[in-house]
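Novice: Sharing a sequence plus its predicted fold:
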Amino acid sequence: MSAITKEQVLEAFRFRAATRAYDPTKKISEEDFAYILECGRLSPSSVGSEPWKFVVIQNMALRKKLIPVSWGMATHAEDASHLMVILAKKNARYDSDFFRIALEKRGLNSEQMAKVIDIYKKFQTEDIKILENDRALFDWACKQTYIALGNMMTSAALIGIDSCPVEGFDYDAVNQILVENKIFDPTEWGVSVMVTFGYRAKEIRPKSRKEIEEVVQWVREE
Ligand SMILES: Cc1cc2nc3c(=O)[nH]c(=O)nc-3n(C[C@H](O)[C@H](O)[C@H](O)COP(=O)(O)O)c2cc1C
């Protein structure tokens, strides 16, 4: 792997900023966007579940339907080069076909699979307790999608591409619009979060962050 310096990485983190105004004349190349998607695909997820789908909406008529119910991207959904809706898997239970297929893909035999599924059962029911209701299980899948979201925004920043994560929307309405347009099956998937990508139209004000001492707590040897 070719080395990238810490300063280059920090520069990308400082450059990345929630972009609310894109230059509508600048589009991300296919190659660059494929790189961003690959960084999403390679992201880690709890128990390797990969409970996500990255839906890239380049259809302007559909984008325009989303804007009235998405206050958080009202100023940038239309001008963004790419608009992505990240879906999270519903019902990602340890005993679902979803997990069975993933484990088969990893080449596990039936004995190994039974063992692993037993571990996942304990994890989901007793440890992290996400089988108490459908919402908890769906939110667990959503948490995984945010890792891919972060990675895609950072990888974009590393090559000078801007982005804005978007939670500012009416979830019921966005789900309904996408389902009506046959984008996904609502028994299998739900909207987790959205993100726009493009090139900033103007300079963005400097970052405001808490001090390092406020966010880090060290527990050292006595
Ligand atoms: C999960 C998430 C959802 C967000 N939703 C929106 C949104 O709907 N609209 C928006 O303009 N900004 C949104 N933001 C951007 C935040 O306001 C922004 O990241 C934060 O103020 C820090 O600024 P910076 O990203 O420019 O460093 C969101 C950020 C995150 C992480």
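Specialist: Here it is on my side, so go on.
Novice: Which residue would be the closest one in this structure to the ligand?
Specialist: G72 (2.1 Å; CB to the nearest ligand atom). Glycine gets a C-beta too; all of them are placed from N, C-alpha and C.
Novice: what secondary structure does the closest residue to that residue other than its chain neighbours sit in?
Specialist: Counting by CB to CB, 6 or more residues apart in numbering, G168 is the residue found nearest to G72 once chain neighbours are left out, at 1.8 Å. Using DSSP: H, G, I helix; E, B strand; the rest coil, the structure places G168 in coil.
Novice: Assess the claim that A102 and S49 are in contact.
Specialist: Yes - with contact defined as CB atoms under 8 Å, A102 reaches S49; the gap is 6.8 Å.
Novice: where along this protein do the helices fall?
Specialist: Secondary structure of the chain (DSSP state H): helices at 6-15, 30-41, 60-66, 97-105, 110-122, 134-158, 171-180, 212-215.
Novice: Show me what counts as buried in the fifth one.
Specialist: Spelled out, that is helix 110-122. By neighbour count with 16 or more other CB atoms under 10 Å, helix 110-122 contains the buried residues V116, I117, Y120.
Novice: What is the nearest of those residues to A141?
Specialist: Y120 (13.6 Å; CB to CB).
Novice: who touches that closest one in this structure?
Specialist: V47, Y94, F99 (CB atoms under 8 Å, 6 or more residues apart in numbering).
Novice: Please list the residues of the chain that sit near the ligand.
Specialist: With CB under 6 Å from any ligand atom as the criterion, the chain meets the ligand at residues A17, A18, R20, G72, C164, P165, V166, E167, G168, V193, K207.
Novice: again, only this time at 5 Å
Specialist: Residues of the chain that fall close to the ligand, judged by CB under 5 Å from any ligand atom: A17, A18, G72, P165, V166, E167, G168.
Novice: Can you go through the residues you listed and name the buried ones?
Specialist: Among these, the ones that count as buried (16+ other CB under 10 Å) are A17, G72, P165, V166.
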